[in-house]
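Novice: build the 3D model from these lines:
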Amino acid sequence: MATYHVVVDSILSPEDTFDYLSTFSNAVEWDPGVVRGEALQPGSPRVGAVYRLGIPLGGMTATFDYRVTELERPHRVVLRADHPLARSTDTITIEPSATGATVRYDAVLEPKGILRLLAPFVARRFQAVGDRAATGLRSALT
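Specialist: This next block holds a predicted model:
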């Protein structure tokens, strides 16, 4: 299992920060590890909503369908994707701050199948991917 944790400040209000991040297809705007993002249902994020992301893996683009499993507007959203190669769970927590909002982003990647054999490599790669995403997230929220 690989984990990533980052805290990012946002100049947006907690509500606007939440709306932007919980619409998970927006990850294509701030995460360089995402090459495609789309909402599979129209409207505001809600429990059960699915966001399809295209993520490069080993020379191909893998499709991860992230489903909103928990949503407490404007404080917390949990998204989970199950793929034959891995399960990904992202928890985004937003708190008000003096200048806007503070975002706590926790990601867990659980390799499956053959990737379990490569778990140490996957964990190192996940850290590097997370660092690039955190840089993009900081830029998007300031």
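Novice: what's the burial count for Ser139?
Specialist: Other residues lying near Ser139 total 11 when counted by other Cβ atoms under 10 Å. (C-beta placed from N, C-alpha, C; glycine too.)
Novice: just Pro42 next, same as before
Specialist: 6.
Novice: begin at 27 from here
Specialist: Sure thing, new numbering starts at 27, so read that last one as Pro68.
Novice: so it, which of the three states?
Specialist: Under DSSP: H, G, I helix; E, B strand; the rest coil, the three-state class of Pro68 is coil.
Novice: and it, its phi and psi?
Specialist: phi -70, psi 160 (degrees, to the nearest 10).
Novice: what distance do you get for it to Asp157?
Specialist: 33 Å (Cβ to Cβ, to the nearest Å).
Novice: from memory Thr117 sits against His101, does it?
Specialist: No. Counting by Cβ atoms under 8 Å, Thr117 sits too far from His101 to count as a contact (11.3 Å).
Novice: these two: which is more packed in?
Specialist: More crowded of Thr117 and His101, by other Cβ under 10 Å: Thr117, with 17 against 14.
Novice: any regions of this structure where pLDDT drops low?
Specialist: Low-confidence segments of the chain, defined by pLDDT under 70: 141-143, 145.
Novice: let's see it at 80
Specialist: Across the chain, the ranges flagged by pLDDT under 80 are 83-84, 139-149.
Novice: residue ranges of the strands in it, please?
Specialist: Assigned by DSSP state E, the strands in the chain fall at 28-36, 62-65, 76-83, 86-98, 102-108, 112-123, 126-137.
Novice: how about TSV for these, with distance to Leu144 added?
Specialist: Below are these laid out as TSV (distance: least, Cβ to Cβ, whole Å):
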stretch	distance to Leu144
strand 28-36	11
strand 62-65	24
strand 76-83	12
strand 86-98	15
strand 102-108	19
strand 112-123	11
strand 126-137	7
